[in-house]
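Peer 1: Here's a sequence, model it:
(2 chains)
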Amino acid sequence: MTPSNFSFPPPPLEAVLDGELQLRVFRSMLTARTLENKLSSLYKGGKIVGGVYLGTGQEALSASLGASLIKGRDCFSPLIRDQAGRTAFGEDMLDATRTHLGSARGPMRGRDGNIHRGRPHQGMPAMISHLGTAVSVISGMLIAKRMKGELDGIVGATSIGDGATSTGSFHEGLNMAAVENLPLVVVIADNQFAYSTPRNRQFACESLLERAVGYGVGGVEVDGTDLKATLAGMQQAVTSARQGFGPQLVVARLLRLCGHGEHDDASYVPQELRDSLMGRDCLEVGASQIIEDGLATAEDIEIWRKEAVEEVQEAVATAQRERGPDPYEEDWRATSVEGMQ
Amino acid sequence: MSVTYIDAIHQAQLELLREDKTVFLYGQDIGDFGGAFKATKGFKEEFGPRVLDAPISEDAMIGMAVGAAINGMRPIVEMQFADFSSVAFNQLVNQAGTHYYRTGIPIPITVRMPCGGTPGSGPFHSQMVESIYAHYPGLVVVTPATVSDAYQLLKESVQLDDPVIFCEHKFLYRWLKSASIKGDGLPLGKARLTRAGKHATVVTYSAMVHEAVRAADRLAEEGWEIEVVDLRSVKPLDIDTVLASVARTGRLLALGEGFPWGGVTAEVVSRVVAEGFHLLDAPPLRLNAKDTPIPYHPDLWAAHRPTPESIVEKLRELLNL
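Peer 2: Model prediction:
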């Protein structure tokens, strides 16, 4: 179904066809997959305490978002399956390895772990586990920019899963952003399961794109397994938001190709779904697409993969050599002003 | 010429908006309407885009404020009633409260919470919220009892780099008047000795300060000298001033308008017992509201919360121990 009130202009085709952007998305996907495979091994080897949550199968969507944003100007609140988006946005890989491995030198200094990391002053807030809450936080970051007269040409974005659209926080946040007509892009990875719960136990509409009509925002639905289609839809949404057409919803149909976390074998996902088109691996699809388009060769991809492996090894080794936080040196203070506890 | 408690809140916000361009207001009906209690009357005209009407979305209101604070603003969020902050509980305790500890970046937001009972307001427009927010790390909880404190503590709260839950008592809004808005300059974090005495100490805050003083007045007719300590903020809790008072009197009544299970009064008693057991001549007592939802009918409401009568009764019990 297509919302009746599409308010944005036709897709900026020249951007969609930008081979350099497509390659940047693909390489971010490849790097993220390589990093996440390593994180999974470290977790299974007992080297990571706490959970490990991967974005396997969602890299095309996540990287398309990250690559469509401009670090230093835009705001991006990644969620649990956004390693590829973080990489594409420009997060230092050390932030990922240090936070997963508990290094005191990471941005969270061992005070929070894994995907609960960010650098808010670089436009990337650190997610909390309560889903949907980032929609209003990113909106607030945009409102601050508006009040300071710095909003022109700026976009704020956040990701969310199909399950998180059931939260009140998502509803309140998106509705508020629509009321304020903010340049916000909310990307829904409709990955068929919220942990183990299938989407038909989360909502009763056929497509979450139908929600866009109710909120009075623009929207686009994409096949999240298809790099080119996803990037085209994302560029359309981000450009529309950037040009002042208000909040945009991007709904991507795809399948999470891993468990909710690495502790979960995803045995609840039916085999026929895994075998369907939705179960395609976006990284493989993306590789064939860039080869078909003559943007790269299989050899190029193999070289990039090896480069990614080296980068990951280095980032993991660095974080592993570093000390964790020292409980005796910790100031155990939750307020910035002394004497407020 | 007298100033009311709500005038003080209005004046503090007016000055904050004029003095600091990063201050803005967000809340339901606060724009042209001027707020349910008129705490923001006239601001929309003067400050335009810095006075924003919010949808009925308490969760998003706090999330938005946190995001704006990350990007350098100092939002003041008006909860129409403190009771409704339960909808924003998650954003308050998990987003705002954890932010500095997790990221090192402070969140200078002030959430104005019109709290406490007024006759006829019933279960959902009367609650006290200081105890639940004080329980969570990272939040400062301020509970002014006087006109000058409402003014000065609100200004200090907004200027503070950390999130502040500002509990303003609705019963005091128009009833409490003062000749001047200027107070004694006591900073946030310091309790005040409201009334000196020597036989027992009542430690309290917010509207109950006035009920405690009334109770003390009555007992004074019989020769009892009751000391009243106004905490002013429950987090930080100025235990030094409390202990100094208990050292003088040897007896403690912790008084609050909140529900009786746990909370600020339990915290006060617990700290005094742990840190000043040797100062006590009698077991410390607590007096709170009753352990039911806050009733609608004025007669039930008046009996639900501590009154000068019930405080006097409790103090007699304490003095006879």
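Peer 1: Low-confidence bits of the chain, can you list those?
Peer 2: The chain I'm using is chain A. A:1-17 (pLDDT under 70).
Peer 1: ranges for the helices of it?
Peer 2: Applying DSSP state H to chain A gives helices spanning A:13-16, A:19-44, A:59-68, A:83-89, A:93-101, A:134-147, A:168-179, A:210-215, A:227-242, A:271-275, A:282-292, A:298-321.
Peer 1: Please identify the deepest-packed of the ones you listed.
Peer 2: helix A:59-68 (a mean of 32; mean count of other Cβ atoms under 10 Å in any protein chain shown). The C-beta positions use only the backbone N, C-alpha and C, and glycine is treated the same way.
Peer 1: Between helix A:19-44 and that helix, find me the angle.
Peer 2: Using axes from the mean of the first three to the mean of the last three Cα atoms, to 10 degrees, the direction of helix A:59-68 lies 120 degrees away from that of helix A:19-44.
Peer 1: still on that earlier bit, could I get the helices of chain A in a markdown table, plus columns for distance to A:Arg111?
Peer 2: Formatted as a markdown table, the helices of chain A follow (distance: least, Cβ to Cβ, whole Å):
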| stretch | distance to A:Arg111 |
| --- | --- |
| helix A:13-16 | 39 |
| helix A:19-44 | 19 |
| helix A:59-68 | 25 |
| helix A:83-89 | 19 |
| helix A:93-101 | 10 |
| helix A:134-147 | 19 |
| helix A:168-179 | 23 |
| helix A:210-215 | 35 |
| helix A:227-242 | 32 |
| helix A:271-275 | 38 |
| helix A:282-292 | 33 |
| helix A:298-321 | 16 |
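Peer 1: of all those, which lies closest to chain B?
Peer 2: helix A:134-147 (2.4 Å; Cβ to the nearest Cβ).
Peer 1: Helix A:168-179 and that closest one, what's the angle between them?
Peer 2: Going by the same axes, to 10 degrees, helix A:134-147 makes 30 degrees with helix A:168-179.
Peer 1: elements contacting helix A:134-147?
Peer 2: Under the contact criterion of 3 or more Cβ pairs under 8 Å, 6 or more residues apart in numbering or on different chains; DSSP states H and E, helix A:134-147 touches strand A:75-77, strand A:156-161, helix A:168-179, strand A:184-190, helix B:58-70.
Peer 1: Pipe these into CSV and attach distance to B:Ala254 per row.
Peer 2: Listed next are the helices and strands packed on helix A:134-147 as CSV, based on distance: least, Cβ to Cβ, whole Å:
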stretch, distance to B:Ala254
strand A:75-77, 42
strand A:156-161, 44
helix A:168-179, 36
strand A:184-190, 47
helix B:58-70, 30
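Peer 1: Quick one: the helices in the stretch 101-250 of chain B, in order.
Peer 2: B:130-135, B:147-159, B:172-175, B:208-220, B:239-249 (DSSP state H, counting those that start in this stretch).
Peer 1: Now do the following helix or strand past the last one, average pLDDT.
Peer 2: Just to be clear, that refers to helix B:239-249. Next helix or strand after helix B:239-249 toward the C-terminus (DSSP states H and E): strand B:252-255. Rounded to a whole number, the mean pLDDT of strand B:252-255 is 98.
Peer 1: Which other helices and strands does strand B:252-255 contact?
Peer 2: Counting contacts by 3+ Cβ pairs under 8 Å, 6+ apart, strand B:252-255 is packed against strand B:200-204, helix B:208-220, helix B:263-276, strand B:285-287, helix B:308-320.
Peer 1: I'd like to know which of the helices and strands packed on helix A:134-147 lies nearest to A:Thr335.
Peer 2: helix B:58-70 (13.7 Å; Cβ to Cβ).
Peer 1: Leaving aside the residues adjacent along the chain, what's closest to A:Ile188?
Peer 2: Nearest non-adjacent residue to A:Ile188, counting by Cβ to Cβ, 6 or more residues apart in numbering or on different chains: A:Val251, 4.8 Å away.
Peer 1: hmm, I was thinking of B:Val273
Peer 2: B:Pro284 (6.4 Å).
Peer 1: What separation is there between the one you found and A:Arg111?
Peer 2: In this view, B:Pro284 and A:Arg111 are 36 Å apart by Cβ to Cβ, to the nearest Å.
Peer 1: and what of B:Asp20?
Peer 2: Taken as Cβ to Cβ, the span from B:Asp20 to A:Arg111 is 30 Å.
Peer 1: ok, now A:Tyr195?
Peer 2: Distance from A:Tyr195 to A:Arg111, counting by Cβ to Cβ: 25 Å.
Peer 1: These two: who's more crowded?
Peer 2: A:Arg111 (19 against 13; other Cβ atoms under 10 Å in any protein chain shown).
Peer 1: How about that one: what's its closest non-neighbour residue?
Peer 2: B:Arg102 (5.4 Å).
Peer 1: I'd say that neighbour and A:His116 touch.
Peer 2: Yes. B:Arg102 is within contact range of A:His116, at 7.5 Å (criterion: Cβ atoms under 8 Å).
Peer 1: joint contacts of those two?
Peer 2: A:Met108, A:Ala126 (Cβ atoms under 8 Å, 6 or more residues apart in numbering or on different chains).
Peer 1: Could you check how many residues crowd around B:Lys182?
Peer 2: B:Lys182 has 12 nearby residues by other Cβ under 10 Å.
Peer 1: OK, contacts around residue 133?
Peer 2: You didn't pick a chain, so chain A it is. Per Cβ under 8 Å, 6+ apart, neighbours of A:Thr133: A:Ser169, A:Gly173, B:Asp59, B:Gly63, B:Asn90, B:Gln91, B:Asn94, B:Gln95.
Peer 1: let's do chain B instead
Peer 2: B:Leu92, B:Val93, B:Leu139, B:Val141, B:Ile165, B:Lys235.
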